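Asks: Fold the following.
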Amino acid sequence: MSQQQRLLIGLLCGLVAGAFWGGVFLAPKLLAAFTPLQMTAGRYLCYGLASAALLAPAARKVLGRLTWADWRDLAGLSLLGNIVYYVCLAISVQIAGVAPASLIIGLLPVTITLVGAKPGEGVALRRLAAPLLLVGAGVVCINVAAFQTASGVSVGRLILGLLAAAGALATWTVYAVWNARRLAATPRFNSHEWSLLTGVVTGLLSLLLVIPAFLGGAPHVPNAWALFWGVSLAVALGASVIGNGLWNAASRLLPLSLSGQLIVFETLFALLYGFLHEARWPLPLEVAAIVLMLAGVLWSVHLHRPDAEAHPAE
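Replies: Below is the predicted model:
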């Protein structure tokens, strides 16, 4: 496969993964009557069951290739990239709203590139400085907008919501870099198999949340459980099974200096879904944030083109 083909296929995988992942930010709004812990347990129980079902036909062959180090890393990746991340995200969305949460987590293109970039791999950080600054400027815009438009939420709660988003940003940064390195070092599993194994381990870990999450029962809302399990299953299949599989494929095809920045598509789709759910147009600062972030990532994509890398601008 040529470098150009790897770039195009990797970009497509990242784009479609972002479309599925964007729905994750809407789920806490749809399940506002439930706690973040309940949403996390429900989503990842469904993810574990779906992954186990899909893995079952090849389970003996795949499980036979696992080592103790694989189990250890799968547990760590599942805890950070799924359970802890989603608890933080759900808290942030329920308190601060979809737009502030999604655009703080939209800093992932910057943090993953800064943490994960290695000399000689992808494009040098000095050439990515300007695109990354555009993404960062977009996040500044949305934070200003969050405090200007906050209504019915105390400053203290808004700060708590933004801190939860920062926690989600930190945990997923570590996950993305760790997972990409692990995929590169583990050729005996393809992207789909690694995603399903992560799902099975995440499902097992989510069993530890069941008792504390559902001890208080469900909210007294008509059809609450039908909505809860419907949304949990949709997010598990779309974001976790399909989205994670596509992200793993993009991570294998592209250097971290580019694949990390494709997470901006998750942010853009999250904003789109949020605006549709709230039946409103984006505010001027939100428009500015979207334009800045998209421009930064498109600039980075241009810098990663094979012809651009072969003739870097001095």
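
Asks: average pLDDT for the helix or strand where residue 171 lies?
Replies: Using DSSP states H and E, residue 171 falls within helix 155-185. Regarding helix 155-185, the rounded mean pLDDT is 88.

Asks: Output the contacting helices and strands for it.
Replies: helix 68-78, helix 85-96, helix 98-104, helix 108-116, helix 125-149, helix 191-214, helix 244-253, helix 256-259 (3 or more C-beta pairs under 8 Å, 6 or more residues apart in numbering; DSSP states H and E). (Glycine included, C-beta is placed from N, CA and C.)

Asks: so which of these gets nearest residue 304?
Replies: When the helices and strands packed on helix 155-185 are compared by C-beta to C-beta, helix 256-259 sits nearest residue 304, at 4.6 Å.

Asks: and that closest one, what does it pack onto?
Replies: Right, helix 256-259 is packed against helix 3-22, helix 108-116, helix 155-185, helix 244-253, helix 284-304 by 3+ C-beta pairs under 8 Å, 6+ apart.

Asks: what does it rub up against?
Replies: 10, 14, 112-113, 116-118, 121-123, 125, 128, 176-177, 180, 250-251, 253, 300-301, 304 (C-beta atoms under 8 Å, 6 or more residues apart in numbering).

Asks: again, but for stretch 232-241
Replies: Applying C-beta under 8 Å, 6+ apart, the set of residues contacting stretch 232-241 is 20-21, 23-24, 27, 39, 42-47, 50-51, 54, 82, 195-196, 199, 202.

Asks: related to what we said a few turns ago, got the angle between the helix holding residue 171 and helix 108-116?
Replies: If you take axes from the mean of the first three to the mean of the last three C-alpha atoms, to 10 degrees, helix 155-185 sits at 50 degrees to helix 108-116.

Asks: tilt between helix 155-185 and helix 125-149?
Replies: Using the same axes, to 10 degrees: helix 155-185 against helix 125-149 is 150 degrees.

Asks: got the buried residues for helix 155-185?
Replies: Neighbour counts over helix 155-185 (16 or more other C-beta atoms under 10 Å) mark 158, 160-165, 167-180, 182-183 as buried.

Asks: re earlier: out of the helices and strands packed on helix 256-259, which is closest to residue 67?
Replies: That would be, of the helices and strands packed on helix 256-259 and by C-beta to C-beta, helix 155-185, which comes in at 11.8 Å.
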